[in-house]
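Student: with the sequence up front, the predicted model follows.
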Amino acid sequence: MPLTVTAELIREHLLYTAWASRRLVHAIEQLSPEQLNQDFKSSEHSILGTLGHVFAADRVWVSRVRGEEATALSASDIDLHVLQIDWPLIYAKWNEWAAALTDDDVSGVIAYRDSKGNSHASPVWEIVLHVVNHGTHHRGQAVGFLRALGHTPPSLDLIRYYRERPE
């Protein structure tokens, strides 16, 4: 049985990922530069590196779905200020793009090249659910890092979002 994903579900999950990222960025604003950059021996090393990785991926993917070219970013290009100011702008681009989606559009295929130049083509719904899942995975890592530093992280659970979202 094929999976049925609606445009409304896509929009809702993009709102969720923006909500969760915003809450986590707000939580890390109290950290010192040393805490933000502490190496936890993970793939992206630190809280800032981990959230910067998600920001960079969100930026690349929104460019792909909008048919635009994303300029490359290095880890040194991303600091707390970028996450506070530029990440909400990326989510605004996602929401603007998603606002026009129809249920038929969701199964449409988008062709793109990855960072190594390899060609790929994926349905819209797969790309968006990947973006949301990717962010959830790495936000979970950052929550663990916050706990290791002795801080209580915000709740980022999807059910919490559902309970708090405006109707």
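Tutor: Done, it's in.
Student: so where is the protein shaky, pLDDT-wise?
Tutor: For the chain, the stretches with pLDDT under 70 are 1-2.
Student: gap between the residue nearest to the spatial centre of it and residue 25?
Tutor: Centrality entry for the chain: nearest residue to the mean C-alpha point is residue 135, 4.2 Å, by CA atoms, centre = their mean. Counting by CB to CB, to the nearest Å, the separation of residue 135 from residue 25 is 12 Å. In short, each C-beta sits where N, CA and C put it, glycine included.
Student: same question for residue 96.
Tutor: 20 Å.
Student: tell me which of these two has more neighbours.
Tutor: residue 25 (18 against 11; other CB atoms under 10 Å).
Student: that one against residue 51, yeah?
Tutor: Yes. The pair residue 25 / residue 51 is scored as a contact, 7.0 Å apart, by CB atoms under 8 Å.
Student: any common contacting residues for the two?
Tutor: Residues touching both residue 25 and residue 51 (CB atoms under 8 Å, 6 or more residues apart in numbering) are residue 83.
Student: residue contacts, residue 129?
Tutor: 5, 13.
Student: check which helix or strand covers it.
Tutor: In this assignment (DSSP states H and E), residue 129 forms part of helix 124-148.
Student: how many other residues sit next to the closest residue to residue 25 other than its chain neighbours?
Tutor: In space, residue 25 comes closest to residue 83 once its chain neighbours are excluded; the distance is 4.9 Å by CB to CB, 6 or more residues apart in numbering. Counted with other CB under 10 Å, the neighbours of residue 83 add up to 22.
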